[in-house]
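> I'd like to go over a predicted model; first the sequence, then the structure.
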Amino acid sequence: MNDDKKYLLELLDKKELTFLEKSWLLNYIEHTDQDVLMKLLEDQFINNLNDPQPISSERSIKILTDIHQKIHLPKKTSNVFHLWIRRVAVAACFIGVMTTGILYLIKRNTVNIAANHSKSKTFSNDINAGGEKATLTLANGAKVILDDVKNGTLSKQGNTKVIKTSGKLAYRANNNGLIASVYNTLSTPRGGHYQVVLPDGSKVWLNAASSIRFPTAFTGKERKVEITGEAYFEVAKNKNSPFVVKINNSEVRVFGTHFNVMAYNDEALVKTTLLEGSVQFSNGSSSCMLKPGEQSELNKSGQVKVVANVDVDNAIAWKNNLFYFEDADIDDVMRQLSRWYDVDVVYNKKVDERFFAEIPTTSKLSEVLKALELTGKVNFDIQGRKIIINP
């Protein structure tokens, strides 16, 4: 028995797998011939138990369930789970479905691996994950680097106090008397994210390389803000004052709802994903209403379409501290990594692999790259603040 086969059986016997062990297991299942895996499973679950009978369907399901529990696969009926069931099932024990280029990495930040697979490559350089970093630009143009200041009241803008707590700003408006209409801008660098509670109580999460411009008090018929990059909104309900998000020449109009807007300039599409309530997306003469679970997509030509039954977990994974790659190409993966780790990417090789992965954004860059390398189709290096993709 070769080392890979021996290692596979060792993993199936373990009660708990580490992050890279889980990744290796699924990658091995993906790339190994179905008949070979069936023989291994027979050796493991029939011969060793002195059971001359073939594996029954009930027993197959039990084995699959055990493996699901061991690698902590999601139990909800999400698109990714269905993809996993369709593509990463093996022979009778894995429901007999072959795989095509899938790597599914689980929510775990442990990266130790068994001794016979401990010869993982070592990067000459490494980069820590991003964190709570942002700059607040006040109405008079003064800039406050939020990661450098202590918690507490930072400023008074008009009749509104600006208060900082860990990783979050809160605007507390005093509506007595005249209210000056002044604007603040919160912006995050590459490698940063931040949260702000607006004067009306609406909550906004900013992803890396993003910004939001907003008034320090909402006094008109509309509550209007402007964003760049990506932001997730939980809008306070107010039927008398719709909430409007402006994105370049487009806008999202809501009364109270949860939604995500992704509008990076280096992405091909502006995507608005609705989780709760209803919103209207408009761009020039084109507009559409969204229901929960739907997503509007605006392309560079100004065309808008609505996609139903999207995976909303994918859209807001960043807010939940996850990279969530679902059939993503290498360019999509690298754009997300470059924003979060504040790195540039150099391509010395064309990569056609598609990635299905769920990786904590708290991971060091080297841990993410090692996990992606388990496909066997891509090889990385880190030089300074650059990811190098090598042959």
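Great, that's in hand. What you see is a predicted model; the values in this text were computed from it and never measured.
> Report whether residue 336 is found in a strand, as I expect.
No - under DSSP: H, G, I helix; E, B strand; the rest coil, residue 336 sits outside any strand and is assigned helix.
> Distance-wise, check it relative to residue 322.
Going from residue 336 to residue 322 by C-beta to C-beta, to the nearest Å gives 11 Å. Quick note: C-beta positions are derived from backbone N, CA and C, even for glycine.
> for residue 157, same thing?
Computed as C-beta to C-beta, the residue 157 to residue 322 distance reads 34 Å.
> What separation do you get for the closest residue to residue 237 other than its chain neighbours and residue 144?
In space, residue 237 comes closest to residue 256 once its chain neighbours are excluded; the distance is 3.0 Å by C-beta to C-beta, 6 or more residues apart in numbering. Applying C-beta to C-beta, the value for residue 256 to residue 144 is 30 Å.
> Tell me the secondary structure of the closest residue to residue 212 other than its chain neighbours, please.
Counting by C-beta to C-beta, 6+ apart, the nearest residue to residue 212 once its immediate chain neighbours are dropped is residue 227, at 4.9 Å. For residue 227, the secondary structure call by three-state DSSP comes out as strand.
> Verify the stated contact: residue 227 with residue 209.
No - the criterion here is C-beta atoms under 8 Å, and residue 227 misses it with residue 209 at 11.7 Å.
> just checking, residue 201 is part of a strand?
No - for residue 201, which was evaluated using three-state DSSP, the result is coil, with no strand membership.
> show me the contacts for it.
Contacts of residue 201 were listed using C-beta atoms under 8 Å, 6 or more residues apart in numbering, and they are residue 236.
> what about 10 Å?
In this structure, residue 201 makes contact with 170, 171, 172, 173, 234, 235, 236, 237, 238, judged by C-beta atoms under 10 Å, 6 or more residues apart in numbering.
> Columns neighbour count, pLDDT and distance to residue 219 on top of those, output as a markdown table?
A markdown table is the format used below for these (neighbours: other C-beta atoms under 10 Å; pLDDT from 0 to 100; distance: C-beta to C-beta, whole Å):
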| residue | neighbour count | pLDDT | distance to residue 219 |
| --- | --- | --- | --- |
| 170 | 18 | 95 | 19 |
| 171 | 22 | 93 | 13 |
| 172 | 13 | 89 | 15 |
| 173 | 20 | 80 | 9 |
| 234 | 17 | 96 | 22 |
| 235 | 25 | 96 | 17 |
| 236 | 18 | 94 | 15 |
| 237 | 14 | 92 | 18 |
| 238 | 15 | 91 | 13 |
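> Tell me the one among those residues nearest to residue 294.
Lowest distance from residue 294 to these (C-beta to C-beta) belongs to residue 235, with 16.9 Å.
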